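K.L.:
following is a predicted model, sequence given first.
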Amino acid sequence: MASQTMCILFSESYGVSPNELASERTLATIPFAGRYRLIDFILSSLVKAKVSNIGILTKEHYGSLQDHLGWGKDWDLDRKTDGLKILTPFAKAETANTRNRSAIDALLSARGYIEMCDEDYIILADANQVMNVDFTAMIKSHIEREADITLLYQNHDEAIYNGVVLDSDTSGRVVDAYFTVGQENETQSAMLNVVIFNKKLLLSLLDRAFTFGWTNLARDFITKNINKLNIYGFEHKGYCAVINTVADYYQASMDLIKKEVRKELFYSDTPVLTHVKNSVPTTYGFDGKVHNSLIADECEIDGELNNCIVFRGVKIKKGAVLNNCIIMQRSIIGSGAKLNCVITDKDVTVADNHVLSGYSTYPFVIAKGQTV
């Protein structure tokens, strides 16, 4: 079944304002969990399901994407047939000037590539979702139900803000889909940005989108066709974090401090694959103290860390105290510095004895390469 299925991944989340961490990179390649990038999670789930024809749609700042993925060797996708392909925003002349303002614009720019592929089904998914998806079961459900479209969703007890909520009948067929702004408090089925289409149907919808100027995939492809097509839901029962804002990123990162979340994401039967970098182990000085934190390789820890995530090559100097912080690659935290709820991008230096503090819902972000 997976051999009949291809995938298009969106490296950006369209319709969402860019955050500080994605100013010089795609959302898909924001560093996460000490050694990974956001795209690693959805990509690993696809590889586990033996989906081997994967195209990644880009918008801008995709150098980091090319650097991280290469030819796809670390995911066993460096193949003569199919494999991993990065699709640039100027792949088609008539859509090049749009700069991919929407997901539909991006798909239109890749229409020729999609049509050229032999698969019968196509998965569309955002790459900024941290979760392990059972694509094997989802594809099987789509085929057995003879669905035109299958939507991944997750049940939530709390109100959902700025999302699409699905109502289904007892057979799982979606009978209504609507946007919510969080007024309701009962359990809701929140649509995640993972959808399976019959490929011929998607191509037909793209042609109509080009004709009528459609721009919103959920509104124009899903909600307008609820009563016309066989649209089914497939429930995702595990952990999921969708990363659009800095607050989203910070919350998902702090979730990793919880043992049950780490166990589900990294110790399941779906290994999270990433670009492998060989480095020396981390060294801990006599004054180094670490509590409830994730520390990558090649670090030098001489200060105190509490509930922190630290990436490769970071130096925490003597007397520094960090609480609830995320410190990315090769950053240096000076002696006596006090940091709370701070995110440093790569290659940041915090001078000796500086005090910096954010808040759990509004962390303090230091841009790449800055000295504070």
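P.N.:
Now that the structure is in, tell me what you want to look at.

K.L.:
low-confidence ranges in the stretch 151-300 of the chain?
P.N.:
158-162, 181-185 (pLDDT under 70).

K.L.:
try 90 this time
P.N.:
156-163, 178-188, 215, 278 (pLDDT under 90).

K.L.:
please enumerate the strands of it.
P.N.:
Applying DSSP state E, counting those that start in this stretch to the stretch 151-300 of the chain gives strands spanning 161-168, 174-181, 188-198, 231-235, 241-242, 283-284, 289-291, 294-295, 300-301.

K.L.:
of these, which is nearest I139?
P.N.:
I139 sits nearest to strand 188-198 of all these, at 6.7 Å, using Cβ to Cβ. Where C-beta positions appear, they are placed from N, C-alpha and C, glycine not excepted.

K.L.:
tell me the strands beside the closest one, with direction?
P.N.:
Its sheet considered, strand 188-198 pairs with strand 121-126 (antiparallel), strand 149-156 (antiparallel), strand 161-168 (antiparallel) by DSSP bridges.

K.L.:
so which residues make contact with the first one?
P.N.:
Read it as strand 121-126. For strand 121-126, contacts defined as Cβ atoms under 8 Å, 6 or more residues apart in numbering pick out 4-10, 13, 42, 46, 51, 103, 107, 114, 135, 139, 142-143, 193-199, 202, 217, 242.

K.L.:
okay, and the beta partners of V365?
P.N.:
With DSSP bridges as the criterion, V365 is bridged to I343.

K.L.:
so how many other residues sit close to it?
P.N.:
Using other Cβ atoms under 10 Å, V365 has 19 other residues around it.

K.L.:
what's near enough to touch it?
P.N.:
V365 touches E20, L21, V246, V342, I343, T344, D345, G358, counting by Cβ under 8 Å, 6+ apart.

K.L.:
so can I have a markdown table of those showing neighbour count and distance to A367?
P.N.:
Output for these, formatted as a markdown table (neighbours: other Cβ atoms under 10 Å; distance: Cβ to Cβ, whole Å):
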| residue | neighbour count | distance to A367 |
| --- | --- | --- |
| E20 | 16 | 7 |
| L21 | 23 | 9 |
| V246 | 19 | 12 |
| V342 | 26 | 12 |
| I343 | 23 | 10 |
| T344 | 29 | 9 |
| D345 | 23 | 6 |
| G358 | 18 | 14 |
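
K.L.:
which of these lies closest to I295?
P.N.:
T344 (14.8 Å).

K.L.:
what residues are up against the closest one?
P.N.:
Taking Cβ under 8 Å, 6+ apart, one finds C325, I326, I327, M328, S331, I333, V350, V365, I366 in contact with T344.
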